[in-house]
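Engineer: give me a model of this one.
(one chain, ligands or ions: 1)
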Amino acid sequence: MEYGYYHRRLNTDAVGRYDVTPLFADPEAFDNLVTDLGRPAPGNCTHVGGVEALGLVLGSAVARDLGCGFVPVRKGGKFPLRDEELHRRQLTDYSGETKTLELARELVGPDDRVFLVDDWIETGGQMWAACKLVEETGASVTGVSVLNAHRDERTRDLFEQYDVSTVR
Ligand SMILES: O=P(O)(O)OC[C@H]1O[C@H](OP(=O)(O)OP(=O)(O)O)[C@H](O)[C@@H]1O
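Structural biologist: Okay, the predicted model is just below:
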């Protein structure tokens with residue numbers, strides 16, 4: 001689908017932060033969005049990763065669509081695991097606040113190729129951290145897919161280092 005198909009259903013002119021959950025509630029739009037987000041994934045990816053919270057919704061649906069496993073990248077403190085069982089990174093995102101993302105070490109490893117999905121990227125802080133967490137496990141990042149992303153100085157490194165696809 002074109003970005004306008006989703007934009008009409010979001011009732012917003014915002015490029016950055018906006019609520020995508022109306023797309024989840026509409027069965028046809030959700031189906032199309034999951035298909036569009038998964039389309040850029042290379043055939044050899046083993047897992048789809050998603051960033052808590054809305055990236056878990058989208059990523060798990062894309063994983064099911066592609067026949068891959070799903071890997072949750074969680075906000076700090078949510079995995080009921082010991083420190084040594086986690087990879088952890090701090091970041092600053094669109095909110096200006098410092099946040100922590102974590103990935104359980106046991107979920108993926110050097111033989112795995114992970115495709116990351118989220119709803120949108122503004123500063124790229126969370127997606128950059130998610131990519132680095134995946135790489136810290138030894139797995140590779142095969143691409144990133146979001147509905148919409150800012151392309152500016154803040155996201156330049158993300159776009160340069162990773163294959164980032166957007167619907168917009
Ligand atoms: O590019 P950035 O500046 O990092 O911002 C984008 C991130 O922020 C939002 O998540 P948020 O933490 O607000 O959680 P949510 O999924 O619960 O909305 C969004 O879903 C992305 O994950």
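Engineer: what's in contact with the lowest-mean-pLDDT helix or strand in the chain?
Structural biologist: The weakest-scoring helix or strand in the chain, judged by mean pLDDT, DSSP states H and E, is helix 3-10 (a mean of 92). With C-beta atoms under 8 Å, 6 or more residues apart in numbering as the contact definition, helix 3-10 has outside contacts at 18-20, 22-23, 26, 29, 32-33, 147-148, 167-168. All C-beta spots, glycine's among them, are computed from the backbone N, C-alpha and C.
Engineer: for the helix or strand just after that helix, packing partners?
Structural biologist: Later in the chain than helix 3-10, the nearest helix or strand by DSSP states H and E is helix 21-25. Contacting helix 21-25 under the criterion 3 or more C-beta pairs under 8 Å, 6 or more residues apart in numbering; DSSP states H and E are the following elements: helix 3-10, helix 27-38.
Engineer: redo the ones you listed as a markdown table? Include mean neighbour count and distance to L86.
Structural biologist: Putting the helices and strands packed on helix 21-25 into a markdown table (neighbours: other C-beta atoms under 10 Å; distance: least, C-beta to C-beta, whole Å) gives the following:
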| stretch | mean neighbour count | distance to L86 |
| --- | --- | --- |
| helix 3-10 | 15 | 34 |
| helix 27-38 | 18 | 26 |
